[in-house]
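> This is a predicted model, with the sequence first.
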Amino acid sequence: MHTSKSQQLFSRAQQSIPGGVNSPVRAFKSVGGTPLFIKKAKGAYLYDADDNKYIDYIASWGPMILGHAHEEVVKAIQEQALGSTSYGAPTELEIEMAELIKSMAPNIDLIRMVSSGTEACMSAIRLARGYTGKNKIIKFEGCYHGHADSFLVKAGSGVATLNIQSVPGVTLGVANDTLTCAYNDLKALEKLTEEHKNQVAAIIVEPVAGNMGCILPQPGFLQELRSICNDKNILLIFDEVMTGFRLAPGGAQEKIKVNADLVTYGKVIGGGMPVGAFGGKKKIMEHIAPLGSVYQAGTLSGNPIAMIAGYTTLKILKNNRHIYHELEEKTIYLRDNLHRVFLETKIPFVINQFGSMISVHFSNHAVNDFASAASANNELFKKYFHAMLKRGVYLPPSAFESWFLNNALTREDLDKTIQATSESLKEII
Ligand code: HOZ
């Protein structure tokens, strides 16, 4: 496989862009090698600058649930663009988007659109603090809620990928207000909330974690979080940036049947455009400006192109619930067959899967929190990643990221992926 154009582009990019990329995980730093520069994508496939074709398991890190360049979505964007790309004034489309989200997701009385998942989580935390009058938040080790200061403590995703222990620029004061404990560890959580009684505004959690690979909540974990929050007067924030509109029309709240007080969205909600949102119960959300004094704003919030891309995607998902069954069936087929292929080798492995999220850790023990994810064999992951890439399968370039399936993937694509894994594993042992 020739990647000389990507290599040239990467050298050129590094002259003008820090590390040659606009988001760190893309740089391939933890897996080594040169990042691929993408020219176009259609359906389940990515095409790089050298015209190599790849089966895509990143789906733009989640948003492209319907596959790339979906005809209806592209057409809607084209039509909307003819009426200008931004107004900075309210539109009927924003109301339609809010109404559509409310009709799909539980526990959303009011929803505010923003431009990224980071913004959504950052604003939800400010609102939780403003509403409760308390300062501290609890997050889980290895969960990633975007790159706002409060969340860059024991964070997953790129922070874990690059093994950054503490982020320069985040003040001690801010970091001290972020308490952390291990995912799925209810005892540690109870202890933490006791030690900081009446100081915790919110617990924020990825209901299915996707930023340390895919990590499942153990049975009862989220239900118990809900009851701890009820007992201790703490707001429960579900970060559904990855899971929202992906696991079900109503996201993890619907799929796992646990209600959150505030929910943050990103990725699928924008259909591939930069969109985020935070929403929840009216009595909390009405503290946001201009109704209340918790300030939050954005020039491009509710941008018409972003709204139409998200609206069209969500509408397709709402009207075609079978997509969720298809996605889950495909992911289970992939999981079971990868399992079979891995078992034929002596390589220790763990495959975690939930809905259309899945990942592989090279480990001989269960992977259910950051410590167990971090102790997996990253050297083997690197080799596996490159062996798969060489065979035309594009996995996330980090063991600390979930794979996301898109519904354009066919049985043939999945079989090619399984075959590529079989060959790759033989190559790397
Ligand atoms: N936060 C994303 C992954 N969890 C971004 C990855 C990227 O684009 O580098």
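Great, that's in hand. Residues are numbered from 1 along each chain as shown.
> Show me where the stretch 51-200 of the chain has its strands.
Along the stretch 51-200 of the chain, counting by DSSP state E, counting those that start in this stretch, strands occupy 53-56, 110-114, 136-140, 178-181, 200-205.
> Nearest to the ligand, out of these?
strand 53-56 (13.3 Å; Cβ to the nearest ligand atom). C-betas here are computed from N, CA, C, even on glycine.
> Now do the buried residues in that closest one.
54-56 (16 or more other Cβ atoms under 10 Å).
> Redo these as a markdown table? Include pLDDT.
Shown next, in a markdown table, are the buried residues of strand 53-56 (pLDDT from 0 to 100):
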| residue | pLDDT |
| --- | --- |
| Tyr54 | 98 |
| Ile55 | 98 |
| Asp56 | 98 |
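> Output those of those residues also counted as contacts of the ligand.
When Cβ under 6 Å from any ligand atom is taken as the criterion, no member of the buried residues of strand 53-56 contacts the ligand.
> Of those, just say which sits nearest to Gln218.
Asp56 (30.2 Å; Cβ to Cβ).
> For beta bridges, what are the partners of that closest one?
Tyr394 (DSSP bridges).
> Residues in contact with the worst-scoring helix or strand of the chain on mean pLDDT: which ones?
Lowest by mean pLDDT, DSSP states H and E among the helices and strands of the chain is helix 157-161, with a mean of 85. If you take Cβ atoms under 8 Å, 6 or more residues apart in numbering as the criterion, helix 157-161 is touched by 23-25, 29-30, 142, 144, 152, 167, 211-212, 370, 374, 398, 400-401.
> By neighbour count, which of those wins?
Met212 (35 neighbours; other Cβ atoms under 10 Å).
> can you list the residues of this protein near the ligand?
Going by Cβ under 6 Å from any ligand atom, the residues of the chain near the ligand are 23-26, 61, 157, 211, 401.
> I'd like these as TSV, with secondary structure and distance to Ala98 appended.
Listed next are these as TSV, based on DSSP: H, G, I helix; E, B strand; the rest coil; distance: Cβ to Cβ, whole Å:
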residue	secondary structure	distance to Ala98
Ser23	coil	28
Pro24	helix	33
Val25	helix	31
Arg26	helix	32
Trp61	helix	24
Ser157	helix	28
Asn211	coil	27
Glu401	coil	30
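> Quick check: which of those has the minimum pLDDT.
Checking pLDDT across the residues of the chain next to the ligand, the minimum falls on Ser157 at 85.
> Next, count neighbours for that residue.
Neighbour tally, Ser157, other Cβ under 10 Å: 25.
> again, but for the one 4 residues further on
Counted with other Cβ under 10 Å, residues neighbouring Thr161 total 23.
> In space, what's closest to it - neighbours in sequence excluded?
Ser398 (4.2 Å; Cβ to Cβ, 6 or more residues apart in numbering).
> All the helices of the stretch 151-300 of the chain, residue numbers only.
Assigned by DSSP state H, counting those that start in this stretch, the stretch 151-300 of the chain shows helices spanning 157-161, 172-176, 186-195, 221-232, 251-252, 282-285.
> Quick check: which of the ones you listed is buried the most?
helix 251-252 (a mean of 28; mean count of other Cβ atoms under 10 Å).
> residue closest to the middle of the protein?
Met242 (3.2 Å; Cα atoms, centre = their mean).
> Need phi/psi at that residue.
Main-chain torsions, Met242, degrees, to the nearest 10: phi -90, psi -40.
> What sits closest to the residue of the stretch 251-400 of the chain found nearest the ligand if chain neighbours are left out?
Closest residue of the stretch 251-400 of the chain to the ligand, Cβ to the nearest ligand atom: Pro396 (7.7 Å). Distances taken as Cβ to Cβ, 6+ apart place Ile58 nearest to Pro396, at 5.4 Å, with adjacent residues excluded.
> and the one you found, how many residues sit next to it?
21.
> Would you check how far apart the closest residue to Leu179 other than its chain neighbours and Gly117 are?
Of all residues not flanking Leu179 in the chain, Ile138 sits nearest, at 4.8 Å (Cβ to Cβ, 6+ apart). According to Cβ to Cβ, to the nearest Å, Ile138 stands 19 Å off from Gly117.
> Pick out whichever of the two has more residues nearby.
Gly117 (30 against 23).
> how about low-confidence regions in the stretch 201-350 of the chain?
Across the stretch 201-350 of the chain, nothing is flagged by pLDDT under 70.
> Residue in it with the shortest distance to the ligand?
The ligand sits closest to Asn211 of the stretch 201-350 of the chain, with a gap of 5.2 Å, by Cβ to the nearest ligand atom.
> what about that residue, distance to Met357?
11 Å.
> pretty sure the residue nearest to the centre of the chain contacts Gly62?
Yes. With contact defined as Cβ atoms under 8 Å, Met242 counts as touching Gly62 (5.3 Å).
> Tell me how many other residues crowd the closest residue to Phe354 other than its chain neighbours.
Of all residues not flanking Phe354 in the chain, Val208 sits nearest, at 4.7 Å (Cβ to Cβ, 6+ apart). When neighbours are counted by other Cβ under 10 Å, Val208 registers 25.
> Need the phi and psi values for Val208.
Here Val208 shows phi and psi, under degrees, to the nearest 10, equal to phi -120, psi 120.
> separation between it and Asp239?
Taken as Cβ to Cβ, the span from Val208 to Asp239 is 10 Å.
> Distance of Gly130 relative to the ligand?
26 Å (Cβ to the nearest ligand atom, to the nearest Å).
> out of everything not next to it in sequence, what's closest to that residue?
Val294 is the one closest to Gly130 (Cβ to Cβ, 6+ apart), at 3.8 Å.
> so that neighbour makes contact with Ile284?
No. Between Val294 and Ile284 there is no contact under Cβ under 8 Å: 9.6 Å.
> list residues touching both of those two?
The contact lists of Val294 and Ile284 share 127, 131, where a contact means Cβ under 8 Å, 6+ apart.
> And stretch 334-351, end to end?
10 Å (Cα to Cα, to the nearest Å).
> ok now it, how far from the chain's centre?
24 Å (Cα atoms, centre = their mean, to the nearest Å).
> What of stretch 209-220?
That offset, for stretch 209-220, works out to 12 Å (Cα atoms, centre = their mean).
> swap in stretch 298-307?
Centroid separation for stretch 298-307 versus its chain: 20 Å, with Cα atoms, centre = their mean.
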